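S.K.: Structure of the sequence below:
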Amino acid sequence: MAFRWCVLGFLTAAPLLAQAPAPAPKAAVPLTATDLESFLDGFMPLQVEHGDIGGAVVAVVKDGKVLFAKGYGYADVVHKRPIVPESTLFRPGSISKLFTWTAVMQQVEQGKLDLDKDINTYLDFPVPPAFGKPITLRDIMTHRAGFEETIKQLFVKTEPELTPRRTYLIEHMPKRIFPPGKVPAYSNYATTLAAYIVERVSGQPFEDYVEQHIFQPLDMHHATFRQPLPAALASQMSNGYKLASDSAKGFEFVEVAPAGALSAAAADMCHFMIAHLQDGKYGTVQILQPATAQKMHSPQTGWPEGMHAMDLGFYEESRNGHHIIGHGGDTQWFHSDLHLILDQNVGFFVSYNSAGHPEQDGSARGNLFSAFMDRYFPETTPQPPTLATSAADARAVSGLYLGSRRFETNIFSPLSLLGETTIQPDPKDSTLLMSADQKGLNGQPVRYREIAPMRFRDVDGTEQVAFATDSTGRRILYLDFPFELAQHVDHTFDKKTTNTQLLVTSLIVMALTLLGWPVGAMIRKHYGQTLALEGDARRLRLIVHLACILCFVVVAMLASFLNKFTNDFGLGKNGDFNIHFMQFLGLLTGLGAVAAIYQSIGSWRDSGRWIWAKIWNTLLALSVLFFFWFLFHWHLLNWNLNY
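M.R.: Now for the predicted structure:
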């Protein structure tokens, strides 16, 4: 990242707040198969039952061997089919990317790829230039290619709907919103682009390549990227569920297969973890040379000191003072984590076939790993005290921040509003609050205290955030997960509160106008009066009322579209006509805004009109105009449906 700001430079010079002595560190429990089984047998069944989770599998490796692997709950809830770690397949989602990155590094090792060359060198279609700098594989592997988020056809319902990889990459190429190598913004598209490059230089389809060069050498006989599953594996696939009490879901077809289509048994994932923990070696096989594996596991430049950085594909974590690299993964129904505790030569893999109750917020795996680490690798060093500048710095960085992994130029850009994070000082003490709705395990808002200049740590946990300023002067929020950051929202009309308040107000004004239409007619009829408008003024009034109706039709269609997205993740091309129809109606609301403005001007020129009618017509004109501005500003009228 270009803004390589050091947030720890003057740590020793900063005055510190007095703190109570830290509690004595816990003693670690030795990590043995016997103790681990006792611990997990007490933890997992309760978590699965309480969370309404269908089933889960947990596997741990240590010193080059499988220490533990066991399933909890069921692969098929109705038929009570047990989970067998050696053969039951789970979908680890984006953990699939680690296999793609391993394939890339194998080709780098062979001299067929260069991490710092323009990727157009390897492609048979162009990635158009932007920002005066080409994208490299290093940019892609650190999620800094600069692409905006894309979701269309991420999942499809049937095999025939899958698009050939090259066609998909050409048709779904996202807009580049950041210069390459600068801003981390997680990208499934870029990962798939890297896999296509592997296909090009190796001469093999990605699925064939991974089977021959990774799965077979690692004895991963219950792992595949193929969709649908090969016949020999199909019967061993775990069902996926939203909740265990719901019906089972169908097999998920992932369009960006190299980024998330892996199906694998936990035992096979153990082999992969062992290989990476042993610098590319599994048994007598070396899938990566030690120097290549170590390079892959090393932090790349561009993240603040003391914060997690991206490695080459893996991302850094830290917990209780231990250096960890790993990756998480989610499909619609499966939710997984893979952690490599490098300084302990331990690997941890977990996958759930259900999200569980919404109040869990996907935290089951996080809670499990925290409990695992606190038992076997507890915090052994005292935490740094809070800086005296904590309260002042919390005030200085307060404001709204928008995540870099976002839709910015396509019709999903309004969702960016929902993703804004509020940073504010806690009025009760010197800590910082990140969004009032972010709650810890105790149900209380998560608070952060400053432990180094502009670096804050969760008061009750391990998560850290840091603040810096980029080359344009914009304030940046670095998050605990280094594949994304957040940028300060500088413009009032880009803020969620401003947009929400104005949109709601506009819709209320239009709703009252429409409600007053029949009510006014009934009142005039009751008193035998007629509408005191004639000719063009009457026609203009009708057009404005129709424009208000159009606004609500657009809102209803947009709500239906978002609901379909929520329930049919990834959508497809089938809804394109409806979206274009919604956009056509949206364009008509622009004409309605012009009519409303003319109506407002005409009413002010009419000396016989009631003053409150003039004021209301002005409010109505502003409301319809704002509605059209909202559609335009948030790219809902973007005719290119590449989202």
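S.K.: All the helices of the stretch 401-550 of the chain, residue numbers only.
M.R.: 415-418, 496-526, 535-567 (DSSP state H, counting those that start in this stretch).
S.K.: would you turn the ones you listed into a markdown table with distance to Trp639, mean neighbour count and mean pLDDT?
M.R.: Any C-beta I mention is one placed from the backbone N, CA and C, and that applies to glycine too. Converted to a markdown table, the helices of the stretch 401-550 of the chain look like this (distance: least, C-beta to C-beta, whole Å; neighbours: other C-beta atoms under 10 Å; pLDDT from 0 to 100):
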| stretch | distance to Trp639 | mean neighbour count | mean pLDDT |
| --- | --- | --- | --- |
| helix 415-418 | 19 | 16 | 84 |
| helix 496-526 | 22 | 14 | 85 |
| helix 535-567 | 15 | 16 | 85 |
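S.K.: To Leu485, which of those helices lies closest?
M.R.: With C-beta to C-beta as the measure, helix 415-418 is the member of the helices of the stretch 401-550 of the chain nearest Leu485 (14.4 Å).
S.K.: circling back to that earlier point, out of the helices of the stretch 401-550 of the chain, the one nearest Lys80 is which?
M.R.: Closest approach to Lys80 among those is made by helix 535-567 (28.1 Å; C-beta to C-beta).
S.K.: Which elements pack onto the closest one?
M.R.: On a contact count with 3 or more C-beta pairs under 8 Å, 6 or more residues apart in numbering; DSSP states H and E, helix 535-567 meets helix 496-526, helix 576-605, helix 611-633.
S.K.: Dump those to CSV, plus distance to Ala355.
M.R.: What follows is the helices and strands packed on helix 535-567, written out as CSV (distance: least, C-beta to C-beta, whole Å):
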stretch, distance to Ala355
helix 496-526, 25
helix 576-605, 28
helix 611-633, 32
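S.K.: Any idea which of those gets closest to Leu641?
M.R.: Here helix 576-605 is closest among the helices and strands packed on helix 535-567 (C-beta to C-beta), at 5.3 Å.
S.K.: domains for this protein, by residue range?
M.R.: Structurally, the chain divides into domains by automatic domain parsing as follows: 35-376, 385-490, 498-633.
S.K.: What score does the residue located most distally from the centre of the chain have for pLDDT?
M.R.: In the chain, Gly528 marks the outermost C-alpha relative to the chain mean, sitting 60.9 Å out by C-alpha atoms, centre = their mean. pLDDT recorded at Gly528 is 70.
S.K.: gap between it and Asp480?
M.R.: 71 Å (C-beta to C-beta, to the nearest Å).
S.K.: Could you pull up the residues touching Glu86?
M.R.: 69, 222, 265-267 (C-beta atoms under 8 Å, 6 or more residues apart in numbering).
S.K.: would you list every one of the strands in the stretch 251-400 of the chain?
M.R.: 253-254, 263-265, 281-282, 285-286, 315-319, 322-330, 335-341, 346-352, 399-403 (DSSP state E, counting those that start in this stretch).
S.K.: Dump the C-alpha coordinates for stretch 542-560 into PDB.
M.R.: Provided in PDB are the C-alpha atoms of stretch 542-560 (Å, rounded to 0.1, in the frame of the first residue of the first chain):
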ATOM      1  CA  LEU A 542     -51.600  15.300 -12.800                       C
ATOM      2  CA  ILE A 543     -48.100  14.700 -14.200                       C
ATOM      3  CA  VAL A 544     -46.600  15.500 -10.800                       C
ATOM      4  CA  HIS A 545     -48.900  13.100  -9.100                       C
ATOM      5  CA  LEU A 546     -48.100  10.400 -11.600                       C
ATOM      6  CA  ALA A 547     -44.400  11.100 -11.000                       C
ATOM      7  CA  CYS A 548     -45.000  10.500  -7.300                       C
ATOM      8  CA  ILE A 549     -46.600   7.100  -8.100                       C
ATOM      9  CA  LEU A 550     -43.700   6.200 -10.300                       C
ATOM     10  CA  CYS A 551     -41.300   6.900  -7.400                       C
ATOM     11  CA  PHE A 552     -43.100   4.400  -5.200                       C
ATOM     12  CA  VAL A 553     -43.200   1.900  -8.000                       C
ATOM     13  CA  VAL A 554     -39.400   2.200  -8.400                       C
ATOM     14  CA  VAL A 555     -39.000   1.800  -4.600                       C
ATOM     15  CA  ALA A 556     -41.200  -1.300  -4.700                       C
ATOM     16  CA  MET A 557     -39.200  -2.800  -7.600                       C
ATOM     17  CA  LEU A 558     -35.900  -2.000  -6.000                       C
ATOM     18  CA  ALA A 559     -37.100  -3.600  -2.700                       C
ATOM     19  CA  SER A 560     -38.100  -6.700  -4.700                       C
END
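S.K.: ok, of the contacts of Glu86, which one's closest to Ser623?
M.R.: Nearest member of the contacts of Glu86 to Ser623, counting by C-beta to C-beta, is Ala266, at 56.4 Å.
S.K.: Surely the closest one is in contact with Tyr352?
M.R.: No. Counting by C-beta atoms under 8 Å, Ala266 stays clear of Tyr352, with 11.8 Å between them.
S.K.: chain center to the longest strand along the chain: distance?
M.R.: In the chain, assigned by DSSP state E, the strand with the most residues is strand 65-76. Centroid separation for strand 65-76 versus its chain: 28 Å, with C-alpha atoms, centre = their mean, to the nearest Å.
S.K.: before we move on, what about stretch 464-480?
M.R.: On C-alpha atoms, centre = their mean, the centre of stretch 464-480 falls 19 Å from that of its chain.
S.K.: buried set for it?
M.R.: If you call a residue buried by 16 or more other C-beta atoms under 10 Å, then stretch 464-480 has these buried ones: 464-468, 470, 475-480.
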